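**Student:** no sequence on this one, just coordinates:
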């Protein structure tokens, strides 16, 4: 990835025009993801979601969007309604600067509540353009709704002519190359992706079938453009990144490594009878506490043990292919020692 970035940037950082690298990365993704036929690159996950919502409204001619509590989809105005991630950390359910009229176009439902979902869609389907969901919610802790709920959601969207958007900014290419769709064998209508497809560079994308994507200008009437979209440096990094992800057993090895970490820490937790537990899906993991537990504040941790976790109870953790066996063992030891300190 580093070499790809360095070699590409020698030719220029951006051109404000399409480059062959966009086609190469698009082909790499589409040829290995059975649920999409056409993809358009943007510069962030938020921009991808914003574009996907506009596309859904343009295709259906309807305006309202359903989202779910605990799912975060970037800082798009209409979706900053009971959002998770950073907002929940600050104890608020919306953002200043978002007109009430924007928020009124969004319906917020609880995760995993099939009855409430069906009641709402049945009553308001003539106004609902799309339902957007993190199929693996990982912005507000790791909130794993049932596979049955996702299947029911898929069925309702088909029945009532509502587009289903899978926000796979986190889960896409992480739990598998086809993300949650591949893992659960559930296809969405529109997908949004983020920085993973650019090797960590600023990039995003939205993707769908040829039929749906034909509504995007210049072929269709839904406008979207950006000078930095498909930036060549990000495209080159993405090609290098995803080629690594396609190496045989890449995801199998990554999951095994994550399970080694989670199992090792959980063994210590159960041995000491601590009121907490780690669980994971693919290479995403999270610790949950079953009751209030005092945790020493961050200013008492000097970082000398070399393990960095997101500084929030709502941040999940990720295991990387770059983590070695030694890294995993060290993390188990340091994490276990940290729990001993927390519960002492």
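**Tutor:** Yep, that arrived. Worth saying up front: this structure is predicted, and the values here are computed from it rather than measured. Numbers count the residues shown, from 1 in each chain.

**Student:** neighbours of residue 245, just the number please.
**Tutor:** Around residue 245 there are 18 other residues, counting by other CB atoms under 10 Å. Backbone N, C-alpha and C define where each C-beta goes, glycine included.

**Student:** residue contacts, it?
**Tutor:** Neighbour list for residue 245: 173, 177, 251 [criterion: CB atoms under 8 Å, 6 or more residues apart in numbering].

**Student:** For the helix or strand where residue 158 lies, buried residues please.
**Tutor:** Residue 158 is part of helix 147-159, with elements assigned from DSSP states H and E. Under the neighbour-count criterion of 16 or more other CB atoms under 10 Å, helix 147-159 has 149, 150, 153, 154, 156, 157 buried.

**Student:** Which SSE is immediately downstream of it?
**Tutor:** Sequence order places strand 163-167 as the next helix or strand after helix 147-159, per DSSP H and E.

**Student:** what about the following helix or strand past that next one, distance to the chain center?
**Tutor:** The helix or strand immediately downstream of strand 163-167 is helix 179-184, counting by DSSP H and E. Relative to its parent chain, helix 179-184 has a centroid offset of 12 Å by CA atoms, centre = their mean, to the nearest Å.

**Student:** go on, stretch 130-141?
**Tutor:** Distance, stretch centre to chain centre, for stretch 130-141: 7 Å (CA atoms, centre = their mean).

**Student:** which parts of that stretch are buried?
**Tutor:** 130, 131, 132, 133, 134, 135, 136, 137, 138, 139, 140, 141.

**Student:** Looking at the residues you listed, which two lie furthest apart in space?
**Tutor:** Spanning the widest gap among the buried residues of stretch 130-141 are 130 and 141, at 24.6 Å by CB to CB.

**Student:** Kindly indicate the member of the contacts of residue 245 with the most neighbours.
**Tutor:** Within those, neighbour counts (other CB under 10 Å) peak at residue 173, which reaches 24 neighbours.

**Student:** Kindly indicate whether the closest residue to it other than its chain neighbours is helix, strand or coil.
**Tutor:** For residue 173, ignoring the flanking residues on the chain, the nearest one in space by CB to CB, 6 or more residues apart in numbering is residue 196 at 4.7 Å. Following DSSP: H, G, I helix; E, B strand; the rest coil, the label given to residue 196 is helix.

**Student:** Relative to residue 177, how far out is residue 196?
**Tutor:** Distance, residue 196 to residue 177, using CB to CB, to the nearest Å: 11 Å.
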